[in-house]
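# predicted model, plus sequence, below.
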Amino acid sequence: MSRIFVSHFLGLEKPARVVTLCAGVMGLAVTYASPARADDDADLALIKEQIKKLEQKVLVIEQHRHPGRSLSAHKEVGKTRQTVARAQSAGATHANGQTAFASNDDNTPVEPQPVFSDDRVRSHSSRPFLHLGGPDDTGPQPVAVASEDKTSSIDLSSSSPLAITQTAVDHLPPVFSIGNISVRLGGFLELSNIWRDSNLSSGPATAWNNFPYANSPNHGLSEERLSAQLSRFSTLLEANPTSAIRLQAYIETDFGGSGGSTNSVQISGYVPRLRQGYFTFADKNWGFHVLMGQAWSLTTNYAKGVLARSEQLPAVTDNNQIPGITFTRVPQIRLTKDWGEKYWLSLSIEDPQATVGFSSAMSSGGYLPAVGNEKVGARVYYQNSGGALLNPETSYTDNPAPDVVLKGAVDTSVGHYEVFGLARWFRSVIQSPGAAHTHKDTRFGGGVGGGMTVPLGTPKLQLAGNVIAGEGIGRYGPTLIPDTTFNSRGQMTPIPEIRGALGLIGHPTSSVLLYLYGGVEAAGRKRFTAADGNQYGYGVGDLNLAGCDVEFGTCNAQTRTLASFTAGGWWHLLDGHYGSVMSGLQYTYIRKFAFGGNDGFGNSVNPATTGNTVYVTFRYLPFQQ
């Protein structure tokens, strides 16, 4: 009779479970009824341990019996539920360091599952529309009671730690949920101190190609700035309609924008800007992935696969990365297929823009120098000022089609490897000499590239590298060497370029990351000779560059090569339930070389300049606990 009562009370039907529970309860009764002894503390500890085991068994059986039961039906184990959320994000551990698991009916372990695991179907039973924690927190989970020990959500063993390069929001538990959608918050508050040995009037993003030659008063005029603009906030929304389908939406913002009234005189009121904002769909059974929105370009190197938030971004402090890296963040539509999450093929349609370089001033609607026997050159239109919802203070090129990127990647036991192709189109509107009307002209550009992330015999050391070569690819690098120039007929001609970087990332301890990077970007020539006998275009060789080394002299030098060396590191200072504190230090040296010219007397001149930057960063990451 008592057996039937217990079964009815707990909602159980299997006698074996009841026998187990009854035996445990009787054991508690015997222990409690024993005569008083001097070692009551030991007995009390034993009783508490047995109670925990029984509560754990109840949780497992209740989960099997009522997987969709609301929190109110389990309020007797409310304290256990608080530790479950920690176990989902860090893994339940005993004091001896071993992972704790619950058990099935056959006493086999059940591993703790992350919220919205691909291997579980979301329950759609009744629950509050808005509540703290993830949707699965409305009922007990089959995990053991966790101790206070935990693992930090900041993983510095990676070659591109998300907590540094982005916000690591994927590794955090949900803060709250809206219906069946979990909401995770990430980000950090940052204070950076930037020092440069030449004045660029730049914030926490260095315009590497702007380091001046000796003719500028800013050359050798050091610049020092404090900035909190890179403080960042992100939100990840996630839902799993089935065990195979995952829906995610991600938005990331900082304060790197500036408005018409922005200044650093009184309030340093820099405005929020969109870094990333996209949604994704993934079907695990088919290995199919879709991304739509603004994200890192598919040309960016990846550490694993080709999915969003797995990019191989250097763990550098400067917001403009380092010379030699291929990257940009743009609106795009991306389709990806994986085979066993080992082989990847991805196609991305991305927002195009072009940068234009010419040896003399050439505004849109202006005339090129005449060639041959002509008295006037072609008139060229190639860009316009921003209109509705675009920046009216800048110009946008005329784009006939989006950029297209096709990438293949493979993940192996000896590293990640990838290759890709980039296709671009450039358009100008031309009024030829003597013509009454204009005509449109479109030119093709692009390139091929690759990347790798390789462990060097130990988890404490990795090698990461990328390279791309082609024509019209300047926009995809931090130096911003021009994509195109003009030929004598007004057609936009892509400039040949090669770009590459190689980095060594080390992890001497779990709280320290060190890195060394070298990078280079180099451009080729695209030029023509006009009727006046002078060369025009990009990479011309007959400019008078004598003034580049004379203060207040005239210097129209065009960048041929920019090389860089970067060394830096991060130190994870503090970590706990209050969040984490990190500090970063970085030094970058650049050397810029121009295409050669002359001094006006037939002697060759090859201008060059150098730049040095030191970057000190402190970050408080309140969500990384």
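Yes, it's here.

# who does residue 250 form a beta bridge with?
residue 236, residue 278 (DSSP bridges).

# mind checking pLDDT for it?
On pLDDT, residue 250 comes in at 98.

# any idea how far it lies from residue 233?
Relative to residue 233, residue 250 is positioned 12 Å away (criterion: C-beta to C-beta, to the nearest Å). C-beta coordinates here come from the backbone N, C-alpha and C atoms, glycine included.

# looking at these two, which is more packed in?
More crowded of residue 250 and residue 233, by other C-beta atoms under 10 Å: residue 250, with 25 against 19.

# mind checking how far the more buried one is from residue 316?
22 Å.

# in what helix or strand does residue 582 lie?
Using DSSP states H and E, residue 582 sits in strand 579-594.

# what is that strand packed up against?
Judged by 3 or more C-beta pairs under 8 Å, 6 or more residues apart in numbering; DSSP states H and E, the packing partners of strand 579-594 are helix 162-165, strand 559-576, strand 608-621.

# okay, those, which one's buried deepest?
Highest mean neighbour count among the helices and strands packed on strand 579-594 (mean count of other C-beta atoms under 10 Å): helix 162-165, with a mean of 23.

# which residues touch that one?
Helix 162-165 is contacted from outside by 153-156, 168, 170-171, 309, 311, 313-315, 513, 570, 580, 582, 584, 621, 624, using C-beta atoms under 8 Å, 6 or more residues apart in numbering.

# give the PyMOL command for selecting the buried subset of the residues you listed.
Listed next is the PyMOL selection for buried residues among those, using 16 or more other C-beta atoms under 10 Å:
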select buried, resi 153+154+156+168+170+171+309+311+313+314+315+513+570+580+582+584+621+624
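
# spatially central residue in the chain, please.
Centroid check for the chain by C-alpha atoms, centre = their mean gives residue 166 as the closest residue, at 4.5 Å.

# so what does the closest residue to that residue other than its chain neighbours look like in phi/psi?
Nearest non-adjacent residue to residue 166, counting by C-beta to C-beta, 6 or more residues apart in numbering: residue 309, 6.0 Å away. Phi and psi for residue 309, reported as degrees, to the nearest 10, are phi 70, psi 20.

# start at 563, not 1
Okay, residue one is now 563; in that scheme the one you just asked about reads as residue 871.

# the strand holding residue 1144: partners in the sheet, and parallel or antiparallel?
strand 1121-1138 (antiparallel), strand 1170-1183 (antiparallel).

# with just CA atoms, put it into PDB.
Coordinates of the C-alpha atoms in strand 1141-1156 are reproduced here as PDB (Å, rounded to 0.1, in the frame of the first residue of the first chain):
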ATOM      1  CA  GLY A1141      32.600  39.100 -14.600                       C
ATOM      2  CA  SER A1142      36.100  39.300 -16.000                       C
ATOM      3  CA  VAL A1143      38.700  41.900 -16.500                       C
ATOM      4  CA  MET A1144      41.300  41.800 -19.300                       C
ATOM      5  CA  SER A1145      44.300  43.900 -20.300                       C
ATOM      6  CA  GLY A1146      45.900  44.100 -23.700                       C
ATOM      7  CA  LEU A1147      49.200  45.600 -25.000                       C
ATOM      8  CA  GLN A1148      50.300  45.900 -28.600                       C
ATOM      9  CA  TYR A1149      53.100  47.400 -30.700                       C
ATOM     10  CA  THR A1150      52.900  47.800 -34.500                       C
ATOM     11  CA  TYR A1151      55.600  49.000 -36.800                       C
ATOM     12  CA  ILE A1152      54.800  49.900 -40.400                       C
ATOM     13  CA  ARG A1153      57.000  50.900 -43.300                       C
ATOM     14  CA  LYS A1154      55.400  52.500 -46.400                       C
ATOM     15  CA  PHE A1155      57.100  52.600 -49.800                       C
ATOM     16  CA  ALA A1156      55.900  54.700 -52.700                       C
END
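
# for that strand, buried residues please.
By neighbour count on 16+ other C-beta under 10 Å, the buried set for strand 1141-1156 is 1142-1144, 1146, 1148, 1150, 1152-1156.

# residue 904 and residue 853, how far apart?
20 Å.

# and these two? Which one has more around it.
Higher neighbour count among residue 904 and residue 853: residue 853, with 23 against 12, using other C-beta under 10 Å.

# next, give phi and psi for the nearest residue to that one once chain neighbours are set aside.
Spatial nearest neighbour of residue 853, excluding adjacent residues (C-beta to C-beta, 6+ apart): residue 896 at 4.1 Å. Backbone torsions for residue 896, taken as degrees, to the nearest 10, come to phi -130, psi 130.

# residues in contact with residue 896?
Residues in contact with residue 896 (C-beta under 8 Å, 6+ apart) are 851-854, 857, 860, 908-911.

# closest one of those residues to residue 1176?
residue 857 (30.8 Å; C-beta to C-beta).

# quick one: secondary structure of that closest one?
Following DSSP: H, G, I helix; E, B strand; the rest coil, the label given to residue 857 is strand.

# quick one: contacts for it?
Counting by C-beta under 8 Å, 6+ apart, residue 857 makes contact with 838, 840, 870, 891-892, 894, 896.

# what distance do you get for residue 824 to residue 919?
On the measure of C-beta to C-beta, residue 824 and residue 919 end up 28 Å apart.

# so between these two, which is more surrounded?
Using other C-beta under 10 Å, the more surrounded residue of residue 824 and residue 919 is residue 919, with 21 against 12.

# what strand or helix carries the nearest residue to that one once chain neighbours are set aside?
In space, and not counting its chain neighbours, residue 919 is closest to residue 1044: 3.0 Å by C-beta to C-beta, 6+ apart. Of the helices and strands defined by DSSP H and E, none includes residue 1044.

# my guess is residue 1044 meets residue 1100, correct?
Yes. Counting by C-beta atoms under 8 Å, residue 1100 is a contact partner of residue 1044 at 6.2 Å.

# which residues do the two both contact?
With C-beta under 8 Å, 6+ apart, residue 1044 and residue 1100 have common neighbours 919, 1057, 1085.

# need those residues in JSON lines with pLDDT and secondary structure, can you?
As requested, the shared contacts of residue 1044 and residue 1100 are exported to JSON lines (pLDDT from 0 to 100; DSSP: H, G, I helix; E, B strand; the rest coil):
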{"residue": "919", "pLDDT": "95", "secondary structure": "coil"}
{"residue": "1057", "pLDDT": "98", "secondary structure": "coil"}
{"residue": "1085", "pLDDT": "97", "secondary structure": "strand"}
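
# quick check, nearest of the residues you listed to residue 606?
Nearest to residue 606 among those is residue 1085, at 76.6 Å by C-beta to C-beta.

# run through the bridge partners of the closest one.
Here residue 1085 sits in beta bridges with residue 1059, going by DSSP bridges.

# still on that earlier bit, can you redo the strands paired with strand 1141-1156 as TSV with mean pLDDT and distance to residue 1028?
Formatted as TSV, the strands paired with strand 1141-1156 follow (pLDDT from 0 to 100; distance: least, C-beta to C-beta, whole Å):
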stretch	mean pLDDT	distance to residue 1028
strand 1121-1138	95	14
strand 1170-1183	97	21
